[in-house]
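> For reference, the sequence and a predicted model appear below.
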Amino acid sequence: MFDGRYAARVLQLQGGQASSAAAQPVELPKQSVDEPETQAASRSNEAALQLLTLLQREGRFVDFVQQDLASFADADIGAAARVVHEGCRRALRSHAKVVSVRSEAEGSPLTLERASEDVKLVGNVAGSAPFRGVLRHKGWRVEELTLPTVVGTHDSRLVAPAELELP
């Protein structure tokens with residue numbers, strides 16, 4: 001979601017270099033050394049906002065997170081969470097191939113021969129490899145991301161328009 005290389009590809013598609021307006025798999029190109037940090041950050045923000053828009057459209061994610069839940073009963077929150085979960089899961093599965101970082105079952109013993117960015121060491125972290133512990137979370141990695149191509153002008157900051165119901 002915050003990958004400048006991906007954002008560069010999105011910008012390329014927005015610039016009319018894509019031949020269709022349909023969703024297309026996105027190849028994550030290398031970020032150019034000449035590319036200013038601010039441009040990469042701006043394009044990364046565009047991709048993040050596009051994903052946030054999809055989560056809102058399918059699961060009302062922003063509505064749920066922005067709602068003050070203090071006055072609601074736990075049962076009401078749980079019922080709403082099921083609807084939000086279902087929609088956000090549908091949006092994510094439609095636009096991303098997400099796989100586990102580790103294949104072992106959570107709770108199983110694990111030995112790492114060396115530190116890696118794929119595994120976050122938690123608990124009593126001391127010493128050096130090999131690290132022996134229990135796998136608490138398998139982790140997630142996005143293997144493929146397919147976002148719709150933006151057609152025409154669109155304010156990506158507009159995650160959900162206001163709605164006016166007419167009589």
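Yep, it's here.
> now the strands for the protein?
Ranges of strands in the chain, per DSSP state E, are 24-25, 96-100, 109-112, 131-134, 140-147.
> For D118, find the nearest of the ones you listed.
strand 140-147 (8.0 Å; CB to CB). (Glycine included, C-beta is placed from N, CA and C.)
> Quick one: mean pLDDT over that closest one.
Averaged over strand 140-147, pLDDT sits at 93.
> count of residues packed around E113?
8 (other CB atoms under 10 Å).
> Please report the distance of it from A129.
Distance, E113 to A129, using CB to CB, to the nearest Å: 6 Å.
> Then D76?
48 Å.
> again with A79
46 Å.
> and the gap between D118 and L92?
D118 is 21 Å from L92, by CB to CB.
> Compare the two and say which is more crowded by neighbours.
L92 (17 against 10).
> what ranges of the protein fall below the confidence cut-off?
In the predicted model, the chain carries pLDDT under 70 at residues 1-37, 39-40, 42.
> Make a markdown table out of the strands of the chain and add distance to L164.
Below are these laid out as a markdown table (distance: least, CB to CB, whole Å):
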| stretch | distance to L164 |
| --- | --- |
| strand 24-25 | 34 |
| strand 96-100 | 33 |
| strand 109-112 | 54 |
| strand 131-134 | 53 |
| strand 140-147 | 28 |
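> mind putting those in JSON lines, distance to E86 and mean neighbour count included?
Converted to JSON lines, the strands of the chain look like this (distance: least, CB to CB, whole Å; neighbours: other CB atoms under 10 Å):
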{"stretch": "strand 24-25", "distance to E86": "25", "mean neighbour count": "12"}
{"stretch": "strand 96-100", "distance to E86": "16", "mean neighbour count": "14"}
{"stretch": "strand 109-112", "distance to E86": "32", "mean neighbour count": "11"}
{"stretch": "strand 131-134", "distance to E86": "31", "mean neighbour count": "13"}
{"stretch": "strand 140-147", "distance to E86": "19", "mean neighbour count": "14"}
